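> only geometry, no sequence info:
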């Protein structure tokens, strides 16, 4: 496999295919960086961007055609002695081998840097993995603890739910009993109150009768209607149907007065 030369300018690494700027210090550069770097100043001195060597001679840096035509190949070394041709060829081969060696060193350095970076990343990965495992174990323990607490709280919630249902049934039962007592209390106290009123009225009448019997003779004169009082005033007194005279009346406490009906 044929290896192509690359630009020796830092951070360029562009493949050289058609033309290149080459130096006697065995460095090659692309056309863009060659034109920018190899501009001769007033002192006619140049500096190699790769190694920093001074390029004072006219032919210390040239722009070479990497793919010459057949005419150029036929005439470039024509008329030279074989030892000169071999010397030129050896120098060209040395330039090429130097470029290959530099590329090999660069790739090895890049590979070494990549391996070191990979090793560092593996160590970081190992540390992160150990940290994640420790966190995972901690999370598992927390989950187990939380599951235990959840089961306990769930059991307590079930017990509280059962107790709440029992209390609700008792409350409903007591509510029904209270409503029944209210309905019963609304009916009974009315009768009790009416009987108490009647008894109080009877007691008032009996007390009145007793007081009047003690003070004076009590004469009971029932009347049929309201005109009886006027008739009694206008007419002479008649003998009553009965006279009830006593000083200490003996009567029942539940005495009730009932007038005679017509």
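Right, received. Where do you want to start? In this text the structure is predicted, and so the values were computed from the model without any measurement.
> burial measure for residue 175, as a count.
Counted by other CB atoms under 10 Å, the residues lying close to residue 175 total 10. From N, CA and C alone the C-beta is placed, and that goes for glycine too.
> can you check residue 22 too?
21.
> same question, residue 103
That count, for residue 103 with other CB under 10 Å as the rule, works out to 16.
> could I get the full set of strands for this protein?
In the chain, the segments counted as strands under DSSP state E are 19-23, 28-29, 46-47, 54-55, 61-65.
> go through the first one and flag the buried ones.
What that stands for is strand 19-23. Buried residues in strand 19-23, counted by 16 or more other CB atoms under 10 Å: 20-23.
> circling back: now the strands of the chain as a markdown table including mean pLDDT?
Output for these, formatted as a markdown table (pLDDT from 0 to 100):
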| stretch | mean pLDDT |
| --- | --- |
| strand 19-23 | 88 |
| strand 28-29 | 90 |
| strand 46-47 | 82 |
| strand 54-55 | 82 |
| strand 61-65 | 86 |
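> pretty sure residue 14 contacts residue 31?
No - contact criterion CB atoms under 8 Å: residue 14 and residue 31 do not qualify, at 9.5 Å.
> re earlier: let me know the closest of the buried residues of strand 19-23 to residue 65.
residue 20 (8.7 Å; CB to CB).
> residues touching the closest one, list them.
Applying CB atoms under 8 Å, 6 or more residues apart in numbering, we find residue 20 in contact with 5, 7, 28-31, 34, 63-64, 66.
> can you list the weak-confidence ranges in the protein?
The chain contains residues with pLDDT under 70 at 1-3, 40-44, 186-262.
> just the helices from it, written as ranges.
When assigned using DSSP state H, the helices of the chain occupy the ranges 31-37, 70-75, 82-215, 227-234.
> mind listing what's buried in the first one?
This points to helix 31-37. 33-34, 37.
> residue 66 versus the residue nearest to residue 88 when sequence neighbours are not counted, what's the distance?
The spatial neighbour of residue 88 that comes closest, neighbours along the chain excluded (CB to CB, 6 or more residues apart in numbering), is residue 77 at 6.7 Å. Separation of residue 77 from residue 66 (CB to CB, to the nearest Å) stands at 17 Å.
> residue 87 now?
21 Å.
> quick revisit: closest to residue 95 among the buried residues of strand 19-23?
residue 22 (7.2 Å).
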